[in-house]
Structure formats: structure tokens, C-alpha cells
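> Below are the sequence and a predicted model for it; my questions follow.
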Amino acid sequence: MSQALARPVRSRSQTARGAAPPPQRRRRVTPGRAVAFILATVWLVVVLAPIYYMVLASFRSQGNYLTENPWLPSGGLTFSEYGTVFGAGLGRYLVNSVIITAVCIVLTLSLCLGAAFRIVRRSTRAAAASFRILLVGLAIPIQAIIVPLYLLIYKAHLYDTLFALMLTMSAAAVPVTVLVMVSFVRDIPRELIGAMLVDGGSEWTVFRRLIVPLAKPVLATLSIYDGLNVWNNFILPLVLTQSNSVAVLPLGLTKLEGQYAINVPAVMAAVLLSVLPLVVLFVVLRKQVMRSLGSVVMR
Amino acid sequence: MALFSVFIVVPMLGAVVLSLFRWNGLGTPHWAGASNWVQFAHDPLARQALTVTAKVVVLSWVLQTPISIALGLFTAGRQRYRSVYAALYVLPLLLSTAGIALMWEALLDPNFGGLTALSRSLHLGFLRQNWLGNPSITLYVIIGLIAWQFVPFHTLLYQMGRRQIPGVLYEAARLDGASPAQMFWRVTLPQLRYTVVTSSTLIIVGSLTYFDIVYIMTNGGPGYTTRVLSLDMYQSAFQQNLYGYASVLATVLGVVGVALALGLVRFSGFASMSSQQEGAA
């Protein structure tokens, strides 16, 4: 309803792409809009300038970076530092990050969809209680539990393994993921589930044939959201691992910085390589990414 | 569910229990009663960390909220160029905190950094500062960087919030002769109240526990001027092996975090957040 009502107002602002707007409705440039445009552009510069600087610096040689003006593409650009960081083990970190992220997404999503289904379908005390605990878990910062978590992992002889990261990062993603999925499963009409049960399907059939296919958009949204969090998580790898062989990208970047403190172009190249997969993802799925980032929190 | 209980719920209780012991991580833990808590209450460094953390929380909120609202409303517009802006604004969200920290370290380096180079070619002396080594400005630099990292996210929230406001409200306001400023204060802001609460809660709890950039860029320095509570906890536990004391700090972080989150949600009459969407909860 609000959609329909919104039309007349929107059409004014849609002149840019709306079909053949009447000329008298053309958008005027008011002082307010001009100021907004200027301020927004200032912020755009604040966002883009450091990134531009980083990209440019990554294409320089170390000596070049120190002598040339770093804001202008003068004095020859090179890919050589990209080679340097791969030689220094960035490839290993990249592979680790990909493995962790993939496993965490699959683990979290499959467990949470099952959990959400049970929470909604079984109105037992246990289900309600576990849901309430999850809601509290939503508010608990990972920093507050990192010490016991470390001891737990240490006692379980999982310290310094990728497995430790998979378990803890998945667990950290559980509250948000279950919450979003519970509200999704609740929105599935009961009649639909009832009809399948009447036709002789088991709860398992309902889950497999109805819930999973319907959940595809939710799963996509949550994959992006959880995946981004896992990919960029810093404190868990910092506390739970130490060897280079199990370092993931964010931690690996700081290790590289330790190695190449003075070689800024190499560090910048490493940062850019670490974000490249996400940029590709973003370019391909821009709308989806932007929607999922916000919608998980806003619901 | 089991995964969650083992790795989130157990440690949460563990933190409280551990805070009552004195333990170096190797031998057997010794019962310490409230001594860790007493130490916390008397430690001037802990008080310093609390002050720094409080500053980060308050200033982050004051800085990020208006910028995010302004940019959110701007990007909610339907013009083509605004959606281009919106897409570019998101870029910092893709970078990991470690990446952001390293990038800004290169920019802020007082000798060879980007800002110093800029100050040379533009003759702007103030751009040349010891950004990360000057006790009187470093904390604000850090708060600025946190804003750089998170404003994009909150902008997205406000953009979505603004788009959900029914246009009929603005039409009505226009018919009543409302000025743009009135429309903002009387229509937009009240309609965005849920978004404001969500976004504020995230900013406040997030900056309360903020760790990554501080750890990588300043490690609490210069002096103790950027030593936030979570860094204090990290150093107590993993560098000084004071697991009991670190657990006190962790418990404080956890309790204050949950209390602030729940308090904000309650206080703002937003308890409907769970009941509205989650029904039986």
C-alpha cells in the first residue's frame, strides 16, 4: 500500500530515469541540494582518496615510493611488489581464508537453518529457552569471551589449527544467523507445511522440499553477511593461532607488515590482494551485497 | 545449538568464574576471591582505560550518527549519480580492519606518508603531524578511522530506513506548507527512530569493545592514551598471563555491553524489536 501511495512523491525524484517526465517537474537545483551534493562529494573524497593512494602505492617500486610524489602516477609503475608478497606467503594466507570462509558459511547456514526450523516447529520449553539464550548471545561481544575461549581451545588441543577458527567463527555467527532464519521460517504459511504433512510427508521432507528451496534468498543474504565477517575477523585468528601456516589474511597482513615494514608498496599490494576477491564479488553482486549488509541488521 | 553453547555460552560463564581466580595459564588456578576485582578498582591504568573507552564510545556516536544520517538520506535519493555515490561509499566495508589499519599507517606516516606528501605539495603545514605518536591527537585520529570504517555501514542502514518511509507523509507535510527543515525534524527523524536505535546500539556496543585498529596501529600508545579496555584485557591475558585479571576486564566489557544494548532497546520503547518480528520470543 505504501508503495502505491508513495508514487506521486517519488515520480518527482525519479525524473532522472523515469519514463518521459513532464518538463515542469524537472528537478530544480536548490541551495539545499547544492550543499548536500558538495558535502556528499567531500565524503566521497574522504572515502576514495586513501584507497586511490593505496592502489597507486602498490604499483610502485620501493625506491620509487620514497622519491616520487605518491599522489601522482609519475615515475614508472610496476607489478613487482605483488610478486614480492606472493613470495612471502600471501598465497598461503589466501588459501586459508578461502577454506575457513567456505567451511564457516556451510557449517553455520546448515546448522542454523535446521535450528531455526526446530525452534519454530516445536513449541517446547527447550526450544523457546534456547532461542532466548541466542537473543542474549546477540549482545555479547566476542572480546568479552576471548580469554575462556582461548583456554577452551587450548585444552581441547585445537590451538593453532584451522579447525579452531572454523568452530569459533561459526559459533560467533550463530546468533544473528538463527535470528534471521527464525523470522524467515515464521513467515512461511503454516497451511503450506500442513498440506505437505497431510500428504504424508515427514517433518524432514518438509524441511528438504519446502524450507530449503524457499530459503535460497535468505541463504544468499546470510552467506554474504557471515562470509564477510569471517573473512575480515581479526581477533580470533590473533588469539587462537600463531604459525604462518594457519594464518588467515587479516593476520597474515600484519605479519607481512612486520616483515616489510619499510616496503610500503609491498604491504599495500598485499592489502589489495586480500580485498580483491570481495571486490570481484561486490562488482558482480553489488545490489545483493548492499541489501544483505543492511537487511541482516534491520530485518 | 551445541556449537553455540560450547563456544559462546560456556566461555561467557567461564569469564565470570575465572575472574575470581589468580592464574598464569600454566599451573593450577588459585582461588583469589575478589582480589582481582579489588585490583581492578584500584588500578590507575584500568581507570585510564575506562576513560579512553568512554571517550571512544561517546565521540564515535557523536561523529558517526549525524554523518550517517546525512549520507543515508542523500543516498536514498533516486537520482542515478546518488546510487553511484552509494556504491562507492560501501567500499571501506569490504576492507578488513587489518587492511584499513595498514593503509592508514602508510598514509599517516610522518616522514614518507601520503598526508606529509600532500602537505608538501599543497603547503598545508597542519597536514604534517605525528598522527600516531602525538599523545594529544592520536586518540582522535583513531576515532576518526573507526568512523571511516563504520560510517558506510550505518549509511546503508539509514538509506534503507529512509526508503521505507511512506511518501504520503511527505506529501501531507508539503500540503501543510512544511519547510525541508521541518520535514526532517517532524517526519524523517521520527520515522527513522527504529533505525536510529539500531544504528546507535551497534555503534555504542561496537566502539565499547573496539580492538583491531588500536591493536595494530598504536598498541595503546603513545603512552597509554589509546589503551582501550579491550586492549588492556588482551595485554593482561596474552602478554602478561594474568588470566584472572583479564577476565575481570572481560566481564566488565560483557556486562556493560549487554546492559547498554538491552538498556537502549528498552529505554527507547523498542522492545517490540524482538516481539514484533520474533513473535513468541
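Arrived safely. Because the structure is a prediction, the values reported are computed rather than measured.
> residues near B:Arg162, how many?
19 (other CB atoms under 10 Å in any protein chain shown). Heads up, the C-betas are built off the backbone N, CA and C, glycines and all.
> And the residue most central in space within chain B, how far from B:Thr97?
Nearest residue to the geometric centre of chain B (CA atoms, centre = their mean): B:Ser207, 2.5 Å. The gap separating B:Ser207 from B:Thr97 is 13 Å, by CB to CB, to the nearest Å.
> how far away is A:Arg208 from B:Phe153?
35 Å.
> of the two, who's got more company?
The neighbour count for A:Arg208 versus B:Phe153, taken as other CB under 10 Å, is higher for B:Phe153 (21 against 12).
> Can you tell me the element the residue lying closest to the more buried one once chain neighbours are set aside falls in?
Nearest residue to B:Phe153 in three dimensions, chain neighbours excluded: B:Leu93, at 5.8 Å (CB to CB, 6 or more residues apart in numbering or on different chains). According to DSSP states H and E, B:Leu93 maps onto helix B:91-94.
> can you map out the helices along the stretch 101-250 of chain A?
Secondary structure of the stretch 101-250 of chain A (DSSP state H, counting those that start in this stretch): helices at A:125-139, A:146-155, A:162-186, A:190-198, A:203-205, A:212-214, A:216-232, A:235-240, A:249-259.
> Flag the shaky bits of the stretch 51-200 of chain A, pLDDT-wise.
A:75-76, A:123 (pLDDT under 70).
> returning to that earlier point: counting neighbours, what do you get for the residue nearest to B:Phe153?
20.
> Going by neighbour count, which residues in the helix or strand containing B:Arg47 are buried?
Element membership for B:Arg47, per DSSP H and E: helix B:44-76. Using 16 or more other CB atoms under 10 Å in any protein chain shown as the test for burial, helix B:44-76 gives B:46, B:48-50, B:52-53, B:55-57, B:59-60, B:63-65, B:67-76.
> of the residues you listed, list those near chain A.
B:67, B:70-71, B:74-75 (CB under 8 Å from any CB of the partner chain).
> Closest one of these to chain A?
Using CB to the nearest CB, B:Phe74 comes nearest to chain A of these, at 4.9 Å.
> Let's see the pLDDT reported for the residue nearest to the closest one when sequence neighbours are not counted.
Excluding its sequence neighbours, the residue lying closest to B:Phe74 (CB to CB, 6+ apart) is A:Ala40, at 4.9 Å. Listed pLDDT for A:Ala40 reads 87.
> give the contact list for A:Ala40.
A:Ala40 makes contact with B:71, B:74-75, B:82, B:85 under the criterion CB atoms under 8 Å, 6 or more residues apart in numbering or on different chains.
> pretty sure A:Val178 is touching A:Ala116, no?
Yes - between A:Val178 and A:Ala116 there is a contact under CB atoms under 8 Å: 5.5 Å.
> Just give the closest residue to the residue positioned nearest the centre of chain A, not the sequence neighbours.
Closest to where the C-alpha atoms of chain A average out (CA atoms, centre = their mean) is A:Leu228, at 2.2 Å. Spatial nearest neighbour of A:Leu228, chain neighbours left out: A:Leu278 (7.1 Å); criterion: CB to CB, 6+ apart.
> follow-up on the earlier one: list the helices and strands the helix holding B:Arg47 packs on?
helix A:31-58, helix B:80-89, helix B:138-163, helix B:193-208, helix B:229-238 (3 or more CB pairs under 8 Å, 6 or more residues apart in numbering or on different chains; DSSP states H and E).
> Serialize the ones you listed to TSV and add fields for distance to A:Ile100.
Putting the helices and strands packed on helix B:44-76 into TSV (distance: least, CB to CB, whole Å) gives the following:
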stretch	distance to A:Ile100
helix A:31-58	24
helix B:80-89	28
helix B:138-163	22
helix B:193-208	22
helix B:229-238	21
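> I'd say B:Leu231 and B:Val214 touch.
Yes - under the criterion of CB under 8 Å, B:Leu231 makes contact with B:Val214 at 5.4 Å.
> Pull up the overlap in contacts between those two.
B:Gly220.
> What's the per-residue pLDDT of B:Trp61 here?
Value for B:Trp61, per-residue pLDDT: 90.
> The closest residue to chain A within the stretch 101-250 of chain B and B:Met160, how far apart?
At 3.3 Å from chain A, B:Gly167 is the closest residue in the stretch 101-250 of chain B, using CB to the nearest CB. To B:Met160, B:Gly167 is 15 Å away according to CB to CB.
> picking that back up, next, the residues that contact the helix holding B:Leu93 from outside, please.
With CB under 8 Å, 6+ apart as the contact definition, helix B:91-94 has outside contacts at A:47-48, A:51, A:228, A:275, A:278-279, A:282, A:293, B:100, B:148-149, B:152-153.
> which one is B:Ser119 nearest to, not counting chain neighbours?
Distances taken as CB to CB, 6+ apart put B:Leu127 closest to B:Ser119, at 3.6 Å, once the chain neighbours are dropped.
> Now do the same contact list for that neighbour.
B:115-116, B:118-119.
> Could you do A:Val136 as well?
B:Val258.
> Pass me the low-pLDDT residue ranges in the stretch 51-200 of chain B, would you?
The model of the stretch 51-200 of chain B has pLDDT under 70 over residues B:125-126.
> make it 90
B:51-57, B:64, B:70-99, B:101-142, B:149-150, B:152-200 (pLDDT under 90).
> Give the burial count for residue 174, as a bare number.
You didn't pick a chain, so chain A it is. Neighbour tally, A:Val174, other CB under 10 Å: 24.
> wait, I meant chain B there
Per other CB under 10 Å, the neighbour tally for B:Arg174 reads 14.
> Within the helices and strands, which one has it?
Applying DSSP H and E, one finds B:Arg174 within helix B:167-175.
> Around B:Leu192, how many other residues sit close by?
22.
> Now it: closest residue in space that isn't a chain neighbour?
Counting by CB to CB, 6+ apart, the residue nearest B:Leu192 is B:Gly161, at 4.9 Å.
> shouldn't that neighbour be in contact with B:Thr195?
Yes - assessed by CB under 8 Å, B:Gly161 is found in contact with B:Thr195 at 3.4 Å.
> which residue sits closest to A:Val103, ignoring its sequence neighbours?
Excluding the flanking residues, the one nearest A:Val103 by CB to CB, 6+ apart is A:Met166, at 4.9 Å.
> Quick one: residues contacting the one you found.
Counting by CB under 8 Å, 6+ apart, the residues that A:Met166 touches are A:100, A:103-104, A:107.
> do the same with A:Asn69
Neighbours of A:Asn69 in contact, by CB under 8 Å, 6+ apart: B:117, B:121.
> So it, which state does it fall into?
Secondary structure, DSSP: H, G, I helix; E, B strand; the rest coil: A:Asn69 is coil.
> what number of residues lie near the residue lying closest to A:Tyr225 once chain neighbours are set aside?
Distance criterion CB to CB, 6+ apart; nearest residue to A:Tyr225, sequence neighbours excluded, is A:Val296 at 4.5 Å. Residues lying near A:Val296 (other CB under 10 Å) number 19.
> Likewise for A:Gly194?
Burial of A:Gly194 is recorded as 11 neighbouring residues (other CB under 10 Å).
> Please tell me how far it sits from chain B.
From A:Gly194 across to chain B, the span is 18 Å (CB to the nearest CB, to the nearest Å).
> thinking the residue nearest to the centre of chain B is in contact with B:Trp61, fair?
Yes - B:Ser207 is within contact range of B:Trp61, at 7.4 Å (criterion: CB under 8 Å).
> residues touching B:Gln191, list them.
So B:Gln191 contacts B:161, B:165, B:169 (CB under 8 Å, 6+ apart).
> Give me the ChimeraX select line for those, limited to the buried ones.
Selection of buried members from the contacts of B:Gln191 for ChimeraX, criterion 16+ other CB under 10 Å:
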select /B:161,165,169
